[in-house]
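J.: Could you work out the structure for the sequence below:
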Amino acid sequence: MPNLSDAERDAFLAERSVLMRIAVVRADGSPLVTPIWFIHRDGAIYFTPREKSEWFACLRRDPRVALCIDEQPHPYRKVLIEGRAELVHDVGEDDAWRDLYREIACRYVPDEQANAYVDNTIKQPRGLYRVVLADASKVRSWRMPVEGEPAMGIWHDRYYTPGTSF
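T.: Numbers count the residues shown, from 1 in each chain. This is a model prediction of the structure:
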């Protein structure tokens, strides 16, 4: 499968309504995966857990994360990131980044509804985390071939048995 160029990746990460799934590690070592809203800016993925969420507690204990950002329709673009989440603003510092919180909400719902959502949840303390792509241990992306690209050989070489020809 073709990898996304940096420009294709950044354009995909800027699209409205694309959810991210975050995987964190529970205290017992089991995984926890949660679909969440995010925003990509300045080479980092930003996201905001509520103080009472299980995955926030997991991040406080162990900042290792795996992020999956993908789409259902063709060309099935995907970005996978593994790394460490950095707490940018802790609970109680919400006023310092409320505009970014509002901007994240506007990616998923119309502006008027996003403003109402932020206003209605403003008293629910949150933290702000980020994963800087340049600092991540792995960043992978791909998509299906688009018109004009060869349709054969779309899987990574490791998936083909020896002797496969196209």
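J.: can you give me the helices for this structure?
T.: Secondary structure of the chain by DSSP state H: the helices cover 6-14, 54-61, 98-106, 111-121.
J.: quick one, what contacts the closest residue to residue 129 other than its chain neighbours?
T.: Computed as CB to CB, 6 or more residues apart in numbering, the closest residue to residue 129 that is not its neighbour in sequence is residue 85, at 4.4 Å. All C-beta spots, glycine's among them, are computed from the backbone N, C-alpha and C. Contact analysis of residue 85 by CB atoms under 8 Å, 6 or more residues apart in numbering lists 59, 63-65, 129-131.
J.: For the residue positioned nearest the centre of the chain, give the beta-bridge partners.
T.: Centroid check for the chain by CA atoms, centre = their mean gives residue 20 as the closest residue, at 4.0 Å. Beta-bridge partners for residue 20, by DSSP bridges, are residue 36, residue 69.
J.: wait, it sits on residue 38?
T.: Yes: the pair residue 20 and residue 38 passes the contact test of CB atoms under 8 Å, sitting 4.4 Å apart.
J.: Tell me how many other residues surround the spatially closest residue to residue 45 that is not a sequence neighbour.
T.: In space, and not counting its chain neighbours, residue 45 is closest to residue 131: 4.9 Å by CB to CB, 6+ apart. By other CB atoms under 10 Å, 23 other residues sit near residue 131.
J.: and residue 131, what does it touch?
T.: 44-45, 65, 67, 81, 83-86.
J.: Could you rerun that using 6 Å?
T.: Listed by CB atoms under 6 Å, 6 or more residues apart in numbering, the contact set of residue 131 reads 45, 81, 83, 85.
J.: measure it to residue 68 for me?
T.: Residue 131 sits at a distance of 12 Å from residue 68 (criterion: CB to CB, to the nearest Å).
J.: Mean confidence (pLDDT) on stretch 13-33, please.
T.: On average, the pLDDT along stretch 13-33 is 96.
J.: Report the buried residues of that stretch.
T.: Neighbour-count burial for stretch 13-33 flags 13, 18, 20, 22-25 (criterion: 16 or more other CB atoms under 10 Å).
J.: What segments of this protein are strands?
T.: Using DSSP state E, the strands of the chain run over residues 20-25, 31-36, 39-41, 44-47, 64-70, 78-84, 86-89, 128-132, 138-142.
J.: could I get those as JSON lines with distance to residue 149?
T.: JSON lines is the format used below for the strands of the chain (distance: least, CB to CB, whole Å):
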{"stretch": "strand 20-25", "distance to residue 149": "27"}
{"stretch": "strand 31-36", "distance to residue 149": "30"}
{"stretch": "strand 39-41", "distance to residue 149": "25"}
{"stretch": "strand 44-47", "distance to residue 149": "27"}
{"stretch": "strand 64-70", "distance to residue 149": "19"}
{"stretch": "strand 78-84", "distance to residue 149": "16"}
{"stretch": "strand 86-89", "distance to residue 149": "37"}
{"stretch": "strand 128-132", "distance to residue 149": "30"}
{"stretch": "strand 138-142", "distance to residue 149": "12"}
